[in-house]
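Asks: Quick one, fold the following:
(one chain, ligands or ions: 1)
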Amino acid sequence: RTWTVVSLVLAVAAALLVAVGPERASGADGAGGRRWITDGQGRALVLNGLNTASSAKSAPDGMPWIHSADVAREKRRLGTNFVRFLIQWRTIEPRPGRYDDRYLDEVAARVGWYGSRGYHVMLDMHQDVYGPRTKGNGAPAWATETDGLPVAEQGQWELEYVQPGTLRAFDHFWGTRRAGRNLRARYAAAWAHVAARFAHDPAVIGYDLMNEPWGGSLQGPAFEAGPLAALYRRTIAAIRSVDPDSWIFVEPEAVSANWGLPSGLPYLKDPRGDGDRARIAYAPHLYPLPMDLGGGYTGGTRAWVRRTLGSWRAQTERTARRLDAPVVIGEYGLDATRPGALTYVAEVRRTAERLGAGTAYWSNDPGPWAPWRRSKGGRLRATKLLAVLDRPTPLAVAGIPESYGWDGKSHTLAVRWEGAAGVTGGTEVYLPERFFPDGGRVTGGDVVSWDAASRVLVLRSGPGDHHVRITPAT
Ligand SMILES: CN(C)c1ccc(C(=O)NC[C@H]2N[C@H](CO)[C@@H](O)[C@@H]2O)cc1
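Replies: Okay, here's the model as predicted:
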């Protein structure tokens, strides 16, 4: 019966995708006219990195597998500047109203491993399938009310989302079944406690309010514009009461926008103001349905996935415009050993460049999905995915980005921007050694500096239009 329900959902979703088709993405094929996350110098940040880490979901202490040396390796091998760092309600608030600040100390130490290397850290309040009491991760036991309904182990973990006990736990959390404890108030208060801790940490760029929200018995725009938006408004207010400046990232519901279907998320006001004062960002995930069904990126599946990418981009742009928000793709990824997988990952990065979106690959845990695997001796070895993620890119643009992107055929990184008043410093780009062994040859701009160790080239900015192209020096 469960599988019938899910099959129905998937079939409807697939039919919608075909119907929706790859609408023409709005706007020029550039990043102009969008909102940007900026650094302390006013530069537009181009955030690329990975998720750290799936292993934290089940770790008793909630910590990821990494050590400081693993962050150093990622910086050296991938030149990334962003990390989506998983935290969990169960470890923040193990008992109602009692926060575990030793856990937050451990989180802060790992944030420091990234911050000391120039990373921007997004803290992700992670859940899958509600929490450990419903065979998932995230929520504490005291906030899990299944009313004794079953949550049977499923061959496919996603089916545990539609188990009776899981649906009930989500319904009690959202308050959509009957009046009960206000778990939403506790959730917002837990976020306020976290934000109070990290409000002044220069490495923390912001907070992803809930990973892949699921409405339980209530689905679609009714869930997104109803209980989900209400929780987001409550949590935004709670965070802003202690942290006026960090970015707040909101996700659509788990199984619609991530597949390229429309999101019903409404505009969410930021108490710090509207327009350029607002710091609400949109953080969808990208998992084309055919991929979720186990297809690779070849043949008929590839054609379907490309249609999905077109729909996903059009829907993401539409929702980001409605929210007046910059975009960060909080998750994308797959088993990189599947046919066509590496081409798909490069396609996603190209889509993000066209959108002007940040990206966080899911995930950095060694294995078939990751840029590294463990050898029989336990050492980390690069996988073929590493070369795809090691992509030339701007890191920070000293003005308003119009367009940017890497062309793997001509080996050219093109960056176009408009200088803006009040923005200081140069435009920074990352030039990996694999394409730029002797640095870059710049046309249309002036070099301020080149650091062969970090592979960072700084280009002069200033008033007016800048259209720079960088090719390998040799
Ligand atoms: C039925 N529901 C609600 C559902 C189905 C499928 C996913 C999913 O694949 N998510 C993609 C990845 N994201 C998580 C971590 O956030 C990973 O475990 C998934 O691979 C989510 C929810």
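Asks: contacts and neighbour counts: CA atoms only from here.
Replies: Will do.
Asks: Might you report the residue contacts of the residue of the stretch 1-150 of the chain at minimum distance from the ligand?
Replies: The minimum distance from the stretch 1-150 of the chain to the ligand, using C-alpha to the nearest ligand atom, falls at D128 (6.3 Å). Neighbouring residues of D128 by C-alpha atoms under 8 Å, 6 or more residues apart in numbering: 136-138, 211-212.
Asks: Over to A254?
Replies: When contacts are counted by C-alpha under 8 Å, 6+ apart, A254 touches 212-214.
Asks: Could you do S68 as well?
Replies: So, once contact is read as C-alpha under 8 Å, 6+ apart, S68 ends up touching 110, 113.
Asks: Name the helix or strand for the residue nearest the centre of the chain, please.
Replies: Among the residues of the chain, the smallest C-alpha distance to the mean C-alpha position (C-alpha atoms, centre = their mean) belongs to G330, namely 1.0 Å. G330 is part of strand 328-332, with elements assigned from DSSP states H and E.
Asks: On the C-terminal side of that strand, identify the next helix or strand.
Replies: Once the chain leaves strand 328-332, the following helix or strand, as judged by DSSP H and E, is helix 341-355.
Asks: Any buried residues in that next one, and which?
Replies: By 16 or more other C-alpha atoms under 10 Å, the buried positions in helix 341-355 come out as 341-342, 344-346, 348-355.
Asks: can you state the direction angle for it and strand 328-332?
Replies: Compare the direction of helix 341-355 with that of strand 328-332 by axes from the mean of the first three to the mean of the last three C-alpha atoms, to 10 degrees and you get 170 degrees.
Asks: average model confidence for the very next helix or strand once past helix 341-355?
Replies: Going down the chain from helix 341-355, the next helix or strand is strand 358-361, by DSSP H and E. If you average the pLDDT over strand 358-361, you get 98.
Asks: ok, the helix or strand that strand 358-361 is followed by: who's next to it in the sheet?
Replies: Per DSSP H and E, strand 358-361 leads on to strand 372-374 as the next helix or strand towards the C-terminus. Next to strand 372-374 in the sheet, as set by DSSP bridges, lie strand 380-382 (antiparallel).
Asks: what sits up against the strand it pairs with?
Replies: Residues outside strand 380-382 that contact it (C-alpha under 8 Å, 6+ apart) are 366, 371-375.
Asks: Would you check which pair of these lies furthest apart?
Replies: Using C-alpha to C-alpha, the contacts of strand 380-382 span at most 13.1 Å, a distance reached by P371 and S375.
Asks: more neighbours, those two?
Replies: Using other C-alpha atoms under 10 Å as the criterion, P371 and S375 rank with P371 on top: 27 against 11.
Asks: Name the helix or strand for A314, please.
Replies: Counting by DSSP H and E, the secondary-structure element that holds A314 is helix 299-323.
Asks: between that helix and helix 341-355, how many degrees?
Replies: 30 degrees.
Asks: And helix 299-323, what's buried?
Replies: The neighbour-count check on helix 299-323 (16+ other C-alpha under 10 Å) flags 301-302, 304-321, 323 as buried.
Asks: all helices of the stretch 101-250 of the chain, in order?
Replies: In the stretch 101-250 of the chain, the segments counted as helices under DSSP state H, counting those that start in this stretch are 101-115, 164-174, 183-198, 220-223, 229-240.
Asks: who does the third one touch, helix- and strand-wise?
Replies: Going back to what we said before, that points to helix 183-198. The contact analysis (3 or more C-alpha pairs under 8 Å, 6 or more residues apart in numbering; DSSP states H and E) places helix 183-198 against helix 89-92, helix 101-115, helix 164-174, helix 229-240.
Asks: okay if I get these as TSV plus mean neighbour count, distance to L334 and mean pLDDT?
Replies: Putting those into TSV (neighbours: other C-alpha atoms under 10 Å; distance: least, C-alpha to C-alpha, whole Å; pLDDT from 0 to 100) gives the following:
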stretch	mean neighbour count	distance to L334	mean pLDDT
helix 89-92	23	26	98
helix 101-115	17	24	98
helix 164-174	24	25	98
helix 229-240	20	29	98
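Asks: Those into CSV, with extra columns for distance to the ligand?
Replies: Output for the helices and strands packed on helix 183-198, formatted as CSV (distance: least, C-alpha to the nearest ligand atom, whole Å):
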stretch, distance to the ligand
helix 89-92, 15
helix 101-115, 19
helix 164-174, 10
helix 229-240, 17
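Asks: quick one: which of those is nearest A195?
Replies: Across those, the minimum distance to A195, taken as C-alpha to C-alpha, is reached by helix 229-240, at 6.0 Å.
Asks: thinking again about what came up before, what bridges to the residue of the stretch 1-150 of the chain closest to the ligand?
Replies: Taking DSSP bridges as the rule, D128 bridges to N137.
Asks: And the pLDDT at it?
Replies: On the pLDDT scale, D128 gets 98.
Asks: where's it relative to L159, distance?
Replies: To L159, D128 is 11 Å away according to C-alpha to C-alpha, to the nearest Å.
Asks: Next, show the common contact partners of the two.
Replies: Between them, D128 and L159 have no joint contacts when contacts are counted by C-alpha under 8 Å, 6+ apart.
Asks: doesn't V456 make contact with V448?
Replies: No - counting by C-alpha atoms under 8 Å, no contact exists between V448 and V456, whose distance comes to 10.8 Å.
Asks: Between the two, tell me which one has more neighbours.
Replies: Neighbour totals were compared for V448 and V456, and V456 leads with 21 against 14 (other C-alpha under 10 Å).
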